[in-house]
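> only the shape, not the letters, is given here:
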Ligand SMILES: [Zn+2]
């Protein structure tokens with residue numbers, strides 16, 4: 001079976017490919033996904049099936065001329081649109097370029113497929129240009145729009161599409177999959193932690209479990225274990241002198257959130273299952289202090305992600321200083 005490497009995609013694929021097989025697929029499909037759940041492989045396979053000209057089955061035949069062209073990345077009736085390198089949006093010209101082509105006859109005599117990747121990055125003008133095409137779609141032309149589940153796509157585009165949420169597997173299934181992907185050196189608690197930190201998206205968790213990355217997280221947690229009792233947040237400054245500093249902020253927020261859960265005795269919701277001693281340590285602080293720290297760090301993350309041109313060092317230093325103040329006060 002195609003998509004064999006990602007067993008959780010099998011059922012979703014069957015659901016959508018059935019429509020293609022019976023020639024009643026919606027001409028505009030919107031796929032929302034959790035990043036790192038195999039979304040690109042999934043869409044690629046659907047595209048392949050739409051382009052295949054000889055398969056009577058759910059799966060593309062992989063042998064016909066059309067499949068061969070697709071597999072060699074040279075299919076003339078297939079277009080991918082996404083933000084160009086270094087750009088944060090998909091512009092109207094990119095949509096217009098395609099619109100002029102898709103009203104012509106397909107070159108291979110089959111379907112034409114347009115995949116708009118990270119669709120929410122379309123500017124309003126680009127989205128409106130696409131809307132016109134979606135309202136009067138050319139024959140045998142299929143659009144697949146894809147983006148993360150929390151992205152903001154214009155409601156007018158949304159309403160023209162058949163929406164599909166690509167599900168992530170259950171935690172137990174993801175753990176089994178990670179084990180089969182050469183992660184045997186990790187305990188179940190570590191695998192669960194990596195998954196829960198990754199919205200249960202297996203490929204994202206696998207990236208986090210890459211030895212160097214996982215070691216960085218471990219070192220960060222070890223540092224907290226040492227520095228939190230001394231209320232010495234300044235010592236953490238070096239840790240954030242790294243291109244992945246946002247990720248570390250997210251790790252810290254997840255730990256604080258776990259400490260609150262531990263205090264409220266809802267331990268089964270804990271994310272960092274491999275860091276129980278650290279969570280217990282953080283949970284010795286009052287609810288008020290943990291919440292204040294959590295909001296402080298979360299706010300810093302949001303600022304750093306949404307406001308361009310901020311002085312990163314200044315924000316981090318400020319947050320570290322504030323963290324010491326919060327921890328010092330009596331309550
Ligand atoms: Zn084929």
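Sure, I can see it. What you see is a predicted model; the values in this text were computed from it and never measured.
> list of residues touching the longest strand anywhere in the chain?
Looking only at the chain and at elements set by DSSP state E, the strand with the highest residue count is strand 141-148. The set of residues that contact strand 141-148 without belonging to it, under C-beta atoms under 8 Å, 6 or more residues apart in numbering, is 25, 27-35, 39, 43, 46-47, 50, 102, 111-121, 130, 133-134, 137, 153, 157, 161. (Glycine included, C-beta is placed from N, CA and C.)
> can you select the buried ones from these in ChimeraX?
What follows is the ChimeraX syntax for the buried subset of the contacts of strand 141-148, where burial is set by 16 or more other C-beta atoms under 10 Å:
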select :25,27,28,29,30,31,32,33,34,39,43,46,47,50,102,111,112,113,114,115,116,117,118,119,120,121,130,133,134,137,153,157,161
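> average pLDDT for the longest strand of the chain, rounded please.
Averaging the model's pLDDT scores along strand 141-148 yields 97.
> buried set for it?
Buried residues in strand 141-148, counted by 16+ other C-beta under 10 Å: 141-147.
> now, which of these sits nearest the ion?
Compare each of those with the ion using C-beta to the ion and the shortest gap goes to residue 142, at 15.5 Å.
> do you know how far that closest one is from residue 51?
Between residue 142 and residue 51 the distance, using C-beta to C-beta, to the nearest Å, works out to 9 Å.
> what do the two both touch?
Common contacts of residue 142 and residue 51 (C-beta under 8 Å, 6+ apart): 111, 113.
> show the contacting residues for the residue of the stretch 201-331 of the chain found nearest the ion.
Proximity of the stretch 201-331 of the chain to the ion (C-beta to the ion) peaks at residue 203, 26.5 Å away. With contact set as C-beta under 8 Å, 6+ apart, residue 203 has these partners: 36-38.
> in what helix or strand does it lie?
helix 202-208 (DSSP states H and E).
> what's the neighbour count on the residue nearest to residue 59 when sequence neighbours are not counted?
Of all residues beyond its chain neighbours, the one nearest residue 59 is residue 2 (4.9 Å), with distances taken as C-beta to C-beta, 6 or more residues apart in numbering. Using other C-beta atoms under 10 Å as the criterion, residue 2 is surrounded by 17 other residues.
> what of the one 3 residues further on?
When counting by other C-beta under 10 Å, one arrives at 13 neighbours for residue 5.
> who touches it in this structure?
For residue 5, the contacting residues are residue 41, taking C-beta under 8 Å, 6+ apart as the criterion.
> look up how far the ion lies from it.
Using C-beta to the ion, to the nearest Å, one gets 20 Å for the distance from residue 5 to the ion.
> name the element that residue belongs to?
With DSSP H and E as the criterion, the answer for residue 5 is that it lies in no helix or strand.
> just the buried residues of the helix or strand containing residue 191, please?
Element membership of residue 191, judged by DSSP H and E, is helix 188-196. Counting neighbours by 16+ other C-beta under 10 Å, one finds that the buried residues in helix 188-196 are 190-196.
> mind checking pLDDT for the residue nearest the centre of the chain?
Centre of the chain computed as the mean C-alpha position; nearest residue by C-alpha atoms, centre = their mean is residue 35, 1.7 Å away. pLDDT, the model's per-residue confidence, is 96 for residue 35.
> how far off centre is stretch 3-15?
Using C-alpha atoms, centre = their mean, to the nearest Å, the distance from the centre of stretch 3-15 to the centre of the chain it belongs to is 18 Å.
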